[in-house]
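Trainee: Predicted structure and sequence below. I'll ask about it afterward.
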Amino acid sequence: PLPLSALLSLPVAHCTVVDPLPLPSLPSVTRVLACAEDYVGPMVDEVWGYNVLQHVRDPSAVLATAKRHARYVVRWFDWTDTPLAEHHPHSVSADWIAGHFSRADGWRLTTETRGQIASPLPQSYIALVAERT
């Protein structure tokens with residue numbers, strides 16, 4: 001319910017959060033009430049995604065939206081290989097997410113970290129930074 005960028009002390013003038021849930025506004029944060037698959041808006045320097053892909057209608061369309069709107073960088077963190085549930089209609093792999101950022105597609109992975117946490121439940125994740133080539 002709170003954008004990751006608002007939790008960090010970052011030297012940014014403004015951020016836009018695209019989310020279908022009506023959440024409270026914060027200073028320097030514009031909330032756009034929309035699903036990421038449907039979002040149309042201007043390009044921005046960076047697009048961040050955090051814990052998104054299991055919850056959306058179309059994970060591929062969400063990553064396409066992120067790439068379409070990122071002028072320079074996409075930073076993404078997501079849980080991988082999650083069990084399916086009503087609130088997690090999709091399970092994606094780290095390879096699948098990373099595969100969306102290929103040189104042929106105009107992207108270069110500059111950072112990629114895969115791992116697993118043990119608590120409270122074992123979960124795998126991928127964190128990546130992709131730069132437009």
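Mentor: Great, that's in hand.
Trainee: C-alpha only now, for contacts and for neighbours.
Mentor: Fine.
Trainee: which one is R103 nearest to, not counting chain neighbours?
Mentor: Counting by CA to CA, 6 or more residues apart in numbering, T133 is the residue found nearest to R103 once chain neighbours are left out, at 7.4 Å.
Trainee: burial count for the one you found?
Mentor: 13 (other CA atoms under 10 Å).
Trainee: So it versus S60, what's the distance?
Mentor: As for T133, its distance to S60 is 20 Å (criterion: CA to CA, to the nearest Å).
Trainee: Where does pLDDT dip in this structure?
Mentor: Under the criterion pLDDT under 70, the flagged ranges of the chain are 1-3, 5-6.
Trainee: Would you map the strands across it?
Mentor: All strands of the chain, identified by DSSP state E, fall at 15-19, 29-33, 44-50, 70-80, 107-117, 123-132.
Trainee: Turn these into a markdown table, columns for distance to A94 and mean neighbour count.
Mentor: Rendered in a markdown table, the data for these read as follows (distance: least, CA to CA, whole Å; neighbours: other CA atoms under 10 Å):
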| stretch | distance to A94 | mean neighbour count |
| --- | --- | --- |
| strand 15-19 | 23 | 17 |
| strand 29-33 | 28 | 16 |
| strand 44-50 | 14 | 16 |
| strand 70-80 | 6 | 20 |
| strand 107-117 | 7 | 14 |
| strand 123-132 | 6 | 19 |
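Trainee: In a markdown table, list these along with distance to L7.
Mentor: Output for those, formatted as a markdown table (distance: least, CA to CA, whole Å):
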| stretch | distance to L7 |
| --- | --- |
| strand 15-19 | 12 |
| strand 29-33 | 12 |
| strand 44-50 | 13 |
| strand 70-80 | 15 |
| strand 107-117 | 21 |
| strand 123-132 | 18 |
